[in-house]
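Participant: have a look at this prediction, sequence included:
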Amino acid sequence: MVKRDLYRNILIGLIIVAVLTILRLFVLEPIRIHNNNMAPILPKKTQVFAIKRTQLDNLDLVSYRHNGKKYVGRIIGTPGQSVVAMDNIVYVDQKILKEPYIKKNQTTYLKTHDEDFTTDFRQDKLGKDSYWILNDARDVLDDSRKFGAIPKKDILGELKFKYAPISDFGFVENDEAKIENGFENK
């Protein structure tokens, strides 16, 4: 009886380890936020799961790799789109992008700086499998303004679920801007 229970518990343990390993390798990428580039939605020290192999759309929050280092940002432009920023306004395919997620950062920044919050840039039609990714804290230039378009192969996944700190446990809230810009049903 005891021997059978031991074998059963070992088997259950091995199955759990195998399932968790498969999830980690093919479905989930744990990401720790090391700065406030995406605050207030994802403040420093937040830990999230990125879902691999998802359909990527405008305004999705993603983690990506550039020169061996991990970054997080928001997809502003997808393959085939053009993205331009002039005088703190971002245009996607010549339409103004409504960005309620940067208002707090922008207001704080403009109180103490005279220059633009979003530096001017121009990216004509993005190539196949290329994405334009920006930080919500636009004064930090570690994004497509510095690196250029990010290839899809370098995107680790879409940031979907916060698991730490425990007070923030739950899904990443990101629907308001998508709805406001008409991207929710793409």
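Facilitator: Right, received. Where do you want to start?

Participant: what lies in contact with the top helix by length along the chain?
Facilitator: Criterion DSSP state H: the longest helix present in the chain is helix 2-26. Helix 2-26 is contacted from outside by 30, 52-53, using Cβ atoms under 8 Å, 6 or more residues apart in numbering. C-beta coordinates here come from the backbone N, C-alpha and C atoms, glycine included.

Participant: ok, which stretches of this structure are helices?
Facilitator: Counting by DSSP H, the segments of the chain that form helices are 2-26, 103-112, 144-147, 175-181.

Participant: most tightly surrounded among these?
Facilitator: helix 144-147 (a mean of 18; mean count of other Cβ atoms under 10 Å).

Participant: so what secondary structure elements neighbour that helix?
Facilitator: On a contact count with 3 or more Cβ pairs under 8 Å, 6 or more residues apart in numbering; DSSP states H and E, helix 144-147 meets strand 130-134.

Participant: which residues does the helix or strand of the chain at the bottom of the mean pLDDT ranking contact?
Facilitator: Counting by mean pLDDT, DSSP states H and E, the chain has its least confident helix or strand at helix 175-181, which shows a mean of 86. Taking Cβ under 8 Å, 6+ apart as the criterion, the residues outside helix 175-181 that touch it are 57-59, 97-101, 184.

Participant: restricting to C-alpha, output that helix in PDB.
Facilitator: Extracted as PDB, the C-alpha positions of helix 175-181 are listed here (Å, rounded to 0.1, in the frame of the first residue of the first chain):
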ATOM      1  CA  ASP A 175      -8.300  47.500 -23.500                       C
ATOM      2  CA  GLU A 176      -9.200  51.200 -23.100                       C
ATOM      3  CA  ALA A 177      -6.700  52.500 -25.700                       C
ATOM      4  CA  LYS A 178      -7.500  49.700 -28.100                       C
ATOM      5  CA  ILE A 179     -11.200  50.400 -28.000                       C
ATOM      6  CA  GLU A 180     -10.600  54.200 -28.300                       C
ATOM      7  CA  ASN A 181      -8.500  53.700 -31.400                       C
END
